[in-house]
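Student: Next input, structure requested:
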Amino acid sequence: MNTITTKLLDWYARHARALPWRAPPGARTEPYRVWLSEIMLQQTTVATVRKRFEVFIRRWPTVQALAAAPRNDVLAAWAGLGYYARARNLHKCAQAVVNELDGAFPRTPEELKKLPGIGDYTAGAIAAIAFGHPAVAMDTNAERVIARLFAVVEPLPDCKGTLRAHAEALLPQEAPGDFAQALMDLGAEICTARAPACALCPLQEDCAARARGLAEELPRKRKKPPKPRREGRAFWMPRADGRVLLRRRPDEGMLGGMVEIPSSDWDGAPPPFRGHAPFNLDFEPLSAHVRHTFTHFHLSLKLLRLADPLPTQRARLLPLPPGWFWHPMDRLEKAGLPTVMMKAARAFLSIS
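Tutor: Predicted structure coming up:
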């Protein structure tokens, strides 16, 4: 075994993070837990996922239980984790594993990538951690460790192939799962993006970037263009009996399948007032805006509300389109609103 790999695995055996989805060093983790945690961890912090994973695993302890769950329940449970296509694919993947594969996850990256929502990294992580398959799992932490260890100065994403080749050269055939998790932990705990703790690193003597004084500069990244700004409007329709009108978004597009406060398109410019307000009712604009940043753009939502709550009987006579429904205002936390809409709801309630 390569001496660098030996040092890394020895360090991991002593300092591995205790995470609710992870088995101790030297043991394999059940595939369902690896898959669920890796999907949750995409673009989400470990601190956030730790609590949400435990909620999910108590509610749906097996892939069979998750596959049998109503999709809307899964989407509601996902609310606040962001990147909601992950939740739709999570449910599709669970159903594919149960209905097409007799409840058993494939053991190789190639077969895993055929399932909804599983890409190169997630496939490698599941194969290595759950099945001991000799696969490399290159997440952001692993890329940073390898870029510094070998002083790869070519910027990301151009250097991904080079980083993978370096990692594959270090991959131990007998402990690929520990190797994958050791790279993750070293990048998260020691070889951090800013102010890496090089003095505590088990690979400090082998690190080319440290020797050249480049550690904090790597990995380099191509400069991204500024995010565009979009605008929209959200319409608050309270009912006299303490309910408010919500709707479920279409499956395709942003926040597909999620519940929201009725809103206009988010098309980059303020929409005209008429033609966007639900049911052609008169809404008054509020001074407040809600701002939220998505992966590819910044959103500013103008808030509008009915001047007075709709009388309950009149509200019940409104011809609600499919997916629209009245929900108790004092239980909005249970409605499964995504983060941007929870921000809007709190803003409306604070002004009401």
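Student: and after the strand ranked longest in the chain, which helix or strand comes next?
Tutor: As assigned by DSSP state E, the longest strand anywhere in the chain is strand 283-293. The helix or strand immediately downstream of strand 283-293 is strand 298-306, counting by DSSP states H and E.
Student: List the contacts of that next one.
Tutor: Around strand 298-306, the neighbours that count as contacts under Cβ atoms under 8 Å, 6 or more residues apart in numbering are 227-238, 263, 266, 270, 277, 281-286, 288-293, 340, 344, 347-348, 351-352. Where C-beta positions appear, they are placed from N, C-alpha and C, glycine not excepted.
Student: Which members of those are classed as buried?
Tutor: 230-238, 263, 266, 277, 283, 286, 290, 292, 340, 344, 347-348 (16 or more other Cβ atoms under 10 Å).
Student: What separation do you get for the nearest residue to His296 once chain neighbours are set aside and Phe294?
Tutor: In this structure, His296 finds its nearest non-sequential neighbour in Lys227, 6.5 Å apart by Cβ to Cβ, 6 or more residues apart in numbering. Distance, Lys227 to Phe294, using Cβ to Cβ, to the nearest Å: 8 Å.
Student: which ones are touching Leu281?
Tutor: Going by Cβ under 8 Å, 6+ apart, Leu281 touches 237, 306.
Student: let's see 10 Å
Tutor: The contact partners of Leu281, by Cβ atoms under 10 Å, 6 or more residues apart in numbering, come to 235, 237, 306-307, 310, 318.
Student: Also Arg314?
Tutor: Taking Cβ under 10 Å, 6+ apart, we find Arg314 in contact with 239-240.
Student: For it, give me phi and psi.
Tutor: Main-chain torsions, Arg314, degrees, to the nearest 10: phi -60, psi -40.
Student: cool, Phe235 as well?
Tutor: Torsion angles, degrees, to the nearest 10, at Phe235: phi -120, psi 120.
Student: before we move on, the earlier item: looking at the buried ones among the contacts of strand 298-306, which are in helices?
Tutor: Here DSSP state H is the test, and these give 340, 344, 347-348 as lying in helices.
Student: ok, back up a step: would you confirm that the residue nearest to His296 contacts His292?
Tutor: No: if you go by Cβ atoms under 10 Å, Lys227 and His292 don't touch, sitting 11.7 Å apart.
Student: related to what we said a few turns ago, in TSV: the contacts of Leu281, plus pLDDT.
Tutor: Output for these, formatted as TSV (pLDDT from 0 to 100):
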residue	pLDDT
Phe235	94
Met237	94
Leu306	92
Ala307	86
Leu310	91
Leu318	88
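Student: quick one: which two of the residues you listed are the most distant?
Tutor: Greatest spacing in the contacts of Leu281, by Cβ to Cβ: Ala307 and Leu318 (16.7 Å).
Student: Neighbour count: the two, which is higher?
Tutor: A side-by-side neighbour count of Ala307 and Leu318, using other Cβ atoms under 10 Å, places Leu318 first with 16 against 8.
Student: What sits closest to Asn141 if chain neighbours are left out?
Tutor: According to Cβ to Cβ, 6+ apart, the nearest residue to Asn141 is Gly187 (2.6 Å).
Student: got the buried residues for the helix or strand harbouring that neighbour?
Tutor: Taking DSSP H and E as the definition, Gly187 sits inside helix 176-189. The neighbour-count criterion (16+ other Cβ under 10 Å) identifies 176-189 as the buried residues of helix 176-189.
Student: Tell me which other helices or strands that helix touches.
Tutor: Packing partners of helix 176-189 (3 or more Cβ pairs under 10 Å, 6 or more residues apart in numbering; DSSP states H and E): helix 3-15, helix 120-131, helix 140-149, helix 160-170.
Student: what's downstream of it, the next helix or strand?
Tutor: helix 208-211.
Student: where's the nearest residue to Ala315 once chain neighbours are set aside relative to Leu255, distance?
Tutor: Here the nearest residue to Ala315 in space, its sequence neighbours aside, is Arg239; by Cβ to Cβ, 6+ apart that works out to 4.6 Å. From Arg239 across to Leu255, the span is 24 Å (Cβ to Cβ).
Student: Using PDB, write down the CA coordinates of stretch 144-162.
Tutor: The C-alpha coordinates for stretch 144-162 follow below in PDB (Å, rounded to 0.1, in the frame of the first residue of the first chain):
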ATOM      1  CA  ARG A 144      -9.200  19.900  -2.400                       C
ATOM      2  CA  VAL A 145      -7.000  17.400  -0.600                       C
ATOM      3  CA  ILE A 146      -5.700  15.800  -3.800                       C
ATOM      4  CA  ALA A 147      -5.200  19.200  -5.500                       C
ATOM      5  CA  ARG A 148      -3.000  20.300  -2.600                       C
ATOM      6  CA  LEU A 149      -1.200  17.000  -2.100                       C
ATOM      7  CA  PHE A 150       0.000  17.000  -5.700                       C
ATOM      8  CA  ALA A 151       0.000  20.800  -6.300                       C
ATOM      9  CA  VAL A 152      -2.400  20.700  -9.200                       C
ATOM     10  CA  VAL A 153      -2.500  24.300 -10.300                       C
ATOM     11  CA  GLU A 154      -4.900  23.900 -13.300                       C
ATOM     12  CA  PRO A 155      -8.200  25.300 -12.300                       C
ATOM     13  CA  LEU A 156     -11.400  23.400 -11.600                       C
ATOM     14  CA  PRO A 157     -13.400  22.000 -13.400                       C
ATOM     15  CA  ASP A 158     -10.600  21.500 -16.000                       C
ATOM     16  CA  CYS A 159      -8.400  19.500 -13.700                       C
ATOM     17  CA  LYS A 160     -11.100  17.000 -12.500                       C
ATOM     18  CA  GLY A 161      -9.600  14.200 -14.600                       C
ATOM     19  CA  THR A 162      -6.100  14.900 -13.300                       C
END
